[in-house]
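[1] test case, fold it:
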Amino acid sequence: MSDVFISYSRKDKEFVHQLHDALVAQKREVWVDWEDIPPTADWHAEIFAAIESAHAFVVVLSPDYLASPVCAEELGHAVQSNKRLVPIVLRDVEPHDVNVALSHLNWIFFRASDNFDAAFAQLIKALDTDLEWVEAHTRLLTRAIEWNAKKRDDSLLVRGNDLRAAEEWQAKASSKEPKLTPLQGEYILASRRSANSRQRIVLLAVTIALLVATVLAFVAFAQRNVAVAQTNVANTAEAQAVSAANARATSEAQAVTAANARAT
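    Residues are numbered from 1 along each chain as shown. Predicted structure coming up:
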């Protein structure tokens, strides 16, 4: 992720180099497309990914910027992604010619007649405003885009503490800028549904486990009772056998005694 994506006309490259160096000196990670190459599918993918993963989208306004289809495409993607937009004016433009997404924002003037250092301080302040919110917006956006690009793979959904944090973040979205994108909302909702589904599965598994444990305990108890009853029957039979043997022995002894008495 980068702190800033700079969108500019190639005719304003000299100023953008100055701006880039000043931002880097402030330890800001800056993404700038320095190459003068024709737009291709791979180029579009790289540019769009860089916009999505940047915390702020800085627009270097000039007549050449407004005349550039490529710049308009970059701005359109930033608007679609609900990025923080920071318009800076390098050369004067007509307000009615500017994209409506920029027209209502506070412009920072970096014209030749303006003080660069003062304007740069305003830029840094704009970039740092509610930075924690903006960083969270970027993280969630990039994850949602990856999830969507990979056919909404459930393994890419947020879980646990990350999901709770995302839902808390979503609850504050109405009063914050940049706003939540529809894709971010779908991503959070899908994450919650997946979490609820997992909870139901876990609950069902626990219920089944408890039921099985109860049945096994009942079977074990029944088997124990059968074993105890069988032991008691065996013990009774053994006692009866011993008693019968003793009775026979006593009878035989009495018969012997009687026979001896008659012989005498």
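
[2] can we go C-alpha only for contacts and neighbour counts from here?
    OK.

[3] which residues in the stretch 1-150 of the chain form helices?
    Secondary structure of the stretch 1-150 of the chain (DSSP state H, counting those that start in this stretch): helices located at 13-25, 41-52, 63-67, 69-80, 100-103, 116-128, 131-149.

[4] Leu210: which of the ones you listed is closest?
    helix 131-149 (36.4 Å; Cα to Cα).

[5] worst mean pLDDT among the helices of the stretch 1-150 of the chain?
    With a mean of 87, helix 41-52 has the lowest mean pLDDT of the helices of the stretch 1-150 of the chain.

[6] so what does that one touch, helix or strand wise?
    Applying 3 or more Cα pairs under 8 Å, 6 or more residues apart in numbering; DSSP states H and E, one finds that helix 41-52 contacts strand 2-7, helix 69-80, helix 131-149.

[7] need those in TSV (columns: mean neighbour count).
    Converted to TSV, these look like this (neighbours: other Cα atoms under 10 Å):
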stretch	mean neighbour count
strand 2-7	22
helix 69-80	17
helix 131-149	18
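
[8] can you put these in CSV and add distance to Lys27?
    Shown next, in CSV, are these (distance: least, Cα to Cα, whole Å):
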stretch, distance to Lys27
strand 2-7, 10
helix 69-80, 23
helix 131-149, 15
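
[9] so can I have TSV of the helices of the stretch 1-150 of the chain showing distance to Thr236?
    Formatted as TSV, these follow (distance: least, Cα to Cα, whole Å):
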stretch	distance to Thr236
helix 13-25	96
helix 41-52	86
helix 63-67	106
helix 69-80	89
helix 100-103	97
helix 116-128	91
helix 131-149	74
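
[10] so which of those helices is nearest Ala222?
    Across the helices of the stretch 1-150 of the chain, closest to Ala222 is helix 131-149 (Cα to Cα), at 53.5 Å.

[11] pull the closest one out as CSV, backbone CA atoms only.
    Coordinates of each C-alpha in helix 131-149 appear next as CSV, following Å, rounded to 0.1, in the frame of the first residue of the first chain:
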residue,chain,number,x,y,z
LEU,A,131,-5.7,8.9,8.7
GLU,A,132,-6.7,5.8,10.7
TRP,A,133,-10.1,5.7,9.0
VAL,A,134,-8.5,6.1,5.5
GLU,A,135,-6.0,3.3,6.1
ALA,A,136,-8.8,1.0,7.3
HIS,A,137,-10.8,2.0,4.2
THR,A,138,-7.9,1.0,2.0
ARG,A,139,-7.2,-2.3,3.7
LEU,A,140,-10.8,-3.4,3.5
LEU,A,141,-11.1,-2.2,-0.1
THR,A,142,-8.1,-4.2,-1.3
ARG,A,143,-9.3,-7.3,0.4
ALA,A,144,-12.8,-6.9,-1.0
ILE,A,145,-11.5,-6.4,-4.5
GLU,A,146,-9.3,-9.5,-4.2
TRP,A,147,-12.3,-11.5,-2.9
ASN,A,148,-14.4,-10.4,-5.8
ALA,A,149,-11.7,-11.0,-8.4
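
[12] which helix or strand lies directly C-terminal to it?
    Scanning forward in sequence from helix 131-149 by DSSP states H and E, the next helix or strand is helix 160-171.

[13] could you give the angle of that following helix to helix 131-149?
    Orientation of helix 160-171 against helix 131-149 (axes from the mean of the first three to the mean of the last three Cα atoms, to 10 degrees) gives an angle of 110 degrees.

[14] by contact count, what packs against whichever strand or helix holds Thr207?
    Assigned by DSSP H and E, Thr207 belongs to helix 182-263. If contacts are counted by 3+ Cα pairs under 8 Å, 6+ apart, helix 182-263 sits against helix 131-149, helix 160-171.

[15] how about the ones you listed in CSV, adding distance to Asn106?
    Converted to CSV, the helices and strands packed on helix 182-263 look like this (distance: least, Cα to Cα, whole Å):
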stretch, distance to Asn106
helix 131-149, 17
helix 160-171, 25
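
[16] of all the ones you listed, which one is nearest Leu216?
    Closest to Leu216 of the helices and strands packed on helix 182-263 is helix 160-171 (Cα to Cα; 34.1 Å).
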